[in-house]
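Undergrad: Fold the following for me, if possible:
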Amino acid sequence: MFGIILGLIVLMVLAYFGWSIIWVAPIAAGVVALTGGLDLLDAYTNTYMSGFVNFAEQWFPVFMLSAIFGKLMEDTGMAKSIAVVLSKWMGTKRAILGVILSCGVLTYGGISLFVVVFAVYPLALSLFREANISRRIMPATIALGSFTFTMTALPGTPQIQNLIPMPYFQTDAMAAPIMGIVSALIMGAGGYWYLLYRQKQLAKNGKVFTEPKDNSLLDVSEHAPNVFLSLLPLLTVLLTLNLLDWHIVVALLSGIMLILLLNITKIKGFVKAINGGAAGSITAIINTSAAVGFGTVVQAVPGFKKITELLMNIPGNPLISEAVAINLLAGATGSASGGMGIALEALGKQYFEISQATGINPEAFHRIASLSSGGLDVLPHNGAVLTLLTITGLSHKESYRDIAVVGIVIPIIATAAAIVLAAMGIY
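TA: Reported below is the predicted structural model:
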């Protein structure tokens, strides 16, 4: 047990200092193997790599097609078109809400949060400038729309955090819709209220809009496609996935094909966009697979049985232990998908058996797994947080507090509310 905890500390500390999880995870796995009595070479070449390869084999098509879909939406201007129109509809007086909704629509439509940040940031800057709102809360505003309710809570979302639990609990993307919708409302409304409070507080203290030092990402002059045509690929992915019950790979392919058809005049840029999306997906899948490989080594050492017993014996509803396990692992890895992948690979079978034995709907375990992945994952070393702060030109000191409130505190409250609903038999 000490070795497992030490391995998690190594993983978290090195990730916090910016070391890539691609090689940090094997180091942490080595710590676990050595202290757990495993042969170091065998633990890496067999145990670790089996977990790594199995996850990549199962999920690489989804990661790749999702990245290509998002890159095409970005390069064709479709993502920007949607964000521009939504921002204009909200107007300057509701600048914060406009940014949240722009991010939310794009991520719920299946676009990667990294693409969304690049697409929405110039518009967010324009709205914040006109409304004279401090840029300090811009990262938290984008995070609320991208990293929270559309990623883990809203039923049917094609984000990977809502898809990973499906094979473990024999569910679909619409699992536990009431729990998901209530959690989404808590995150969305609670986060929006907090950001309005912070806007007034900052203004009262004389902190208003200031121009960023770097304006290289602010060109919004290019001609954007028709917004209704731009929405069609997003709707196609959502409807084919949830109403027609198509496999996510087929749903994403249908969205990609529609983007290509609707932008046939931009055919010269297709290869570059597809290449860029495919290349970008490699890092994402390897990062998550590396984390899952670490979890496979943890599962192989004797101390894992004791940790499993401790988690399973947490008093109260078994959904609580699932939420604790996934939150802790997501926090340690700095990755929602990575932390959930480790936890479900190790404990998913047990939780499914518990659902069958206790009568708790497996959909509840699916939704709590998804919600819990979006809690402590947003610690300071999280890759999405680092990217968001880099793009907006702000520091952890200036903006992380607000990111933590909307990305950690409120989502954990929403998860607790979902567990209460499940305990009442409301899914």
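Undergrad: element containing Gly7?
TA: Applying DSSP states H and E as the criterion places Gly7 in helix 2-16.
Undergrad: Run the chain-centre distance for that helix.
TA: Taking C-alpha atoms, centre = their mean, to the nearest Å, one finds the center of helix 2-16 at 22 Å from the center of the full chain.
Undergrad: Could you point out the helix or strand that follows that helix?
TA: By DSSP H and E, the next helix or strand past helix 2-16 is helix 21-35.
Undergrad: Could I get the buried residue list for that following helix?
TA: Ile21, Val24, Ala25, Pro26, Ala28, Ala29, Gly30, Val31, Val32, Ala33, Leu34, Thr35 (16 or more other C-beta atoms under 10 Å). The way it works is simple: take the backbone N, C-alpha and C, and place the C-beta from them, glycine included.
Undergrad: Make a markdown table from these and add distance to Leu41 to it.
TA: Shown next, in a markdown table, are the buried residues of helix 21-35 (distance: C-beta to C-beta, whole Å):
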| residue | distance to Leu41 |
| --- | --- |
| Ile21 | 21 |
| Val24 | 19 |
| Ala25 | 16 |
| Pro26 | 12 |
| Ala28 | 16 |
| Ala29 | 12 |
| Gly30 | 10 |
| Val31 | 15 |
| Val32 | 14 |
| Ala33 | 9 |
| Leu34 | 11 |
| Thr35 | 16 |
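Undergrad: picking that back up, mind giving me the packing neighbours of the helix holding Gly7?
TA: Under the contact definition 3 or more C-beta pairs under 8 Å, 6 or more residues apart in numbering; DSSP states H and E, helix 2-16 sits against helix 21-35, helix 270-300, helix 303-312, helix 318-333.
Undergrad: tell me the pLDDT at the residue nearest to Phe270 when sequence neighbours are not counted?
TA: Spatially, and ignoring its direct neighbours in sequence, Phe270 is nearest to Leu260 (6.3 Å; C-beta to C-beta, 6 or more residues apart in numbering). For Leu260, the pLDDT comes out at 97.
Undergrad: And for Met1?
TA: Met1 is assigned 82 on the pLDDT scale.
Undergrad: That one against Ile307, yeah?
TA: Yes. Look at Met1 against Ile307 with C-beta atoms under 8 Å: they come within range, at 6.1 Å.
Undergrad: neighbour-wise, which of the two wins?
TA: The neighbour count for Met1 versus Ile307, taken as other C-beta atoms under 10 Å, is higher for Ile307 (18 against 15).
Undergrad: What residues does the more buried one make contact with?
TA: Contacts for Ile307 (C-beta atoms under 8 Å, 6 or more residues apart in numbering) come out as Met1, Ile4.
Undergrad: coming back round to it: tell me the one of the buried residues of helix 21-35 nearest Gly393?
TA: Checking the buried residues of helix 21-35 against Gly393 by C-beta to C-beta gives Ile21 as the nearest, at 25.2 Å.
Undergrad: For that closest one, which residues are in contact?
TA: Going by C-beta under 8 Å, 6+ apart, the list of residues near Ile21 reads Leu11, Ala15, Asn287, Ala290, Ala291, Thr333, Gly334, Ser335, Gly338.
Undergrad: The first one and Leu113, how far apart?
TA: Leu11 sits 22 Å away from Leu113, going by C-beta to C-beta, to the nearest Å.
Undergrad: ok, the residue nearest to Pro212 when sequence neighbours are not counted - how many residues close by?
TA: Of all residues not flanking Pro212 in the chain, Gly393 sits nearest, at 4.4 Å (C-beta to C-beta, 6+ apart). When neighbours are defined as other C-beta under 10 Å, Gly393 has 18 of them.
Undergrad: and what of Ile282?
TA: Neighbour count of Ile282, defined by other C-beta under 10 Å: 13.
Undergrad: That one and Asn275, how far apart?
TA: Ile282 sits 11 Å away from Asn275, going by C-beta to C-beta.
Undergrad: Run the chain-centre distance for whatever helix or strand Leu371 lives in.
TA: If you go by DSSP H and E, Leu371 is part of helix 362-373. Centroid separation for helix 362-373 versus its chain: 14 Å, with C-alpha atoms, centre = their mean.
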